[in-house]
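Undergrad: Only the shape, not the letters, is given here:
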């Protein structure tokens with residue numbers, strides 16, 4: 001790790017940024033970037049839109065044979081939300097043992113350099129393509145087959161939920177709410193906004209919801225504990241520009257950004273993905289989720305079938321007949337519905353925490369309105385609790 005290098009993401013168009021970046025790539029010994037023939041003027045930096053936590057850039061060179069890499073600069077509030085050492089450990093295990101996700105070439109004080117995939121980022125409308133949706137279901141099933149204990153690095157004495165690890169959504173809400181309270185206590189936050197969020201009321205609702213979930217949670221089937229991505233929004237899904245004909249068709253879809261990956265119920269990861277169907281982070285109002293865009297029953301069934309096909313085998317290790325897979329869908333749907341409010345709750349608290357820098361600096365027109373996003377999410381949480389008949 002290069003502790004002495006810190007990048008200001010808003011300076012990326014300045015000549016000094018390219019000079020500092022080239023020095024960083026050489027110090028990290030990133031393959032193909034060591035040649036002294038490469039000058040700062042040769043460095044090409046393209047900012048990627050759609051990442052809500054970090055600033056992400058594709059870094060290339062006009063010099064031949066130099067491979068493009070991905071530069072990730074961590075967001076200023078992300079340290080309250082994400083354990084970077086844990087994330088790096090996760091990336092290493094997934095890439096080295098399971099060939100999932102990018103290779104990390106090295107880290108610096110506020111970010112890292114990763115492997116670049118020659119690919120196209122999915123769009124909001126791509127999620128609604130039946131074929132692509134099946135690929136996402138298949139890829140999610142493959143991630144869910146990862147051994148939690150291997151990623152969490154547990155010992156024989158502390159394996160399992162409540163011993164070696166805790167499910168991520170509960171852990172995140174529990175730890176992030178403290179930081180959310182700090183943000184809402186800032187003098188710049190209007191009293192009516194504090195009242196709207198009502199974190200004390202939210203906590204009562206959350207506790208009542210967790211108590212209800214304990215009575216319906218099916219840990220053996222739809223809500224079995226898996227290693228989950230927890231953030232399968234379209235900006236974290238890449239389609240390779242050149243397909244490897246030797247691999248299954250769905251493998252041309254690459255899942256990236258494992259910052260929020262953790263053990264969770266399988267149904268939570270699916271429910272969270274379905275909520276991402278309602279988002280368009282490249283619209284005029286990227287902070288608004290349009291719940292009328294939530295996948296229909298037919299669209300959910302299409303996803304479920306692909307997911308179950310790639311996560312379920314018969315006792316003799318043969319693929320399960322389609323009729324049996326279809327028979328599993330109602331239970332999975334029930335569990336997805338049960339865990340659906342948890343996604344809203346987690347990202348509502350996340351949005352408040354992410355807003356700290358904008359609130360402290362009195363930014364009137366933020367690049368992304370985290371407070372408005374949190375308002376949308378907390379309204380979704382309360383709406384779905386009401387639909388389930390849960391009261392705090």
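TA: Ah, there it is. Because the structure is predicted, anything quoted here is derived from the model rather than measured.
Undergrad: Could you use CA atoms for every contact and neighbour count after this?
TA: OK.
Undergrad: pretty sure residue 262 is in contact with residue 231, am I right?
TA: No - counting by Cα atoms under 8 Å, residue 262 does not reach residue 231; the two are 10.5 Å apart.
Undergrad: Show me where this structure has its helices.
TA: Assigned by DSSP state H, the chain shows helices spanning 15-27, 84-97, 130-143, 148-152, 168-184, 191-197, 199-216, 266-276, 297-309, 322-354, 356-360, 370-388.
Undergrad: could I get these as JSON lines with distance to residue 62?
TA: Compiled in JSON lines, these are given as follows (distance: least, Cα to Cα, whole Å):
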{"stretch": "helix 15-27", "distance to residue 62": "13"}
{"stretch": "helix 84-97", "distance to residue 62": "29"}
{"stretch": "helix 130-143", "distance to residue 62": "33"}
{"stretch": "helix 148-152", "distance to residue 62": "38"}
{"stretch": "helix 168-184", "distance to residue 62": "43"}
{"stretch": "helix 191-197", "distance to residue 62": "50"}
{"stretch": "helix 199-216", "distance to residue 62": "52"}
{"stretch": "helix 266-276", "distance to residue 62": "37"}
{"stretch": "helix 297-309", "distance to residue 62": "42"}
{"stretch": "helix 322-354", "distance to residue 62": "36"}
{"stretch": "helix 356-360", "distance to residue 62": "36"}
{"stretch": "helix 370-388", "distance to residue 62": "37"}
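Undergrad: Disregarding residues adjacent in the polypeptide, which is nearest to residue 268?
TA: Nearest non-adjacent residue to residue 268, counting by Cα to Cα, 6 or more residues apart in numbering: residue 339, 5.2 Å away.
Undergrad: So what's the residue count around the one you found?
TA: 25 (other Cα atoms under 10 Å).
Undergrad: same question, residue 104
TA: Neighbours around residue 104, by other Cα under 10 Å: 18.
Undergrad: what sits against the residue nearest to residue 268?
TA: Contacts for residue 339 (Cα atoms under 8 Å, 6 or more residues apart in numbering) come out as 213, 267, 268, 271.
Undergrad: check contacts around the second one.
TA: Applying Cα under 8 Å, 6+ apart to residue 267 gives the contacts 222, 223, 224, 332, 335, 336, 339.
Undergrad: Can you tell me the closest non-neighbouring residue to it?
TA: Among residues not flanking residue 267 along the chain, residue 336 sits closest, at 4.6 Å (Cα to Cα, 6+ apart).
Undergrad: does the one you found really touch residue 268, like I thought?
TA: Yes - counting by Cα under 8 Å, residue 268 is a contact partner of residue 336 at 6.2 Å.
Undergrad: So which of the two has more stuff around it?
TA: Set residue 336 next to residue 268 and count neighbours by other Cα under 10 Å: residue 268 wins out with 28 against 22.
Undergrad: roughly how far apart are that one and residue 179?
TA: Here the criterion is Cα to Cα, to the nearest Å. By it, residue 268 lies 23 Å from residue 179.
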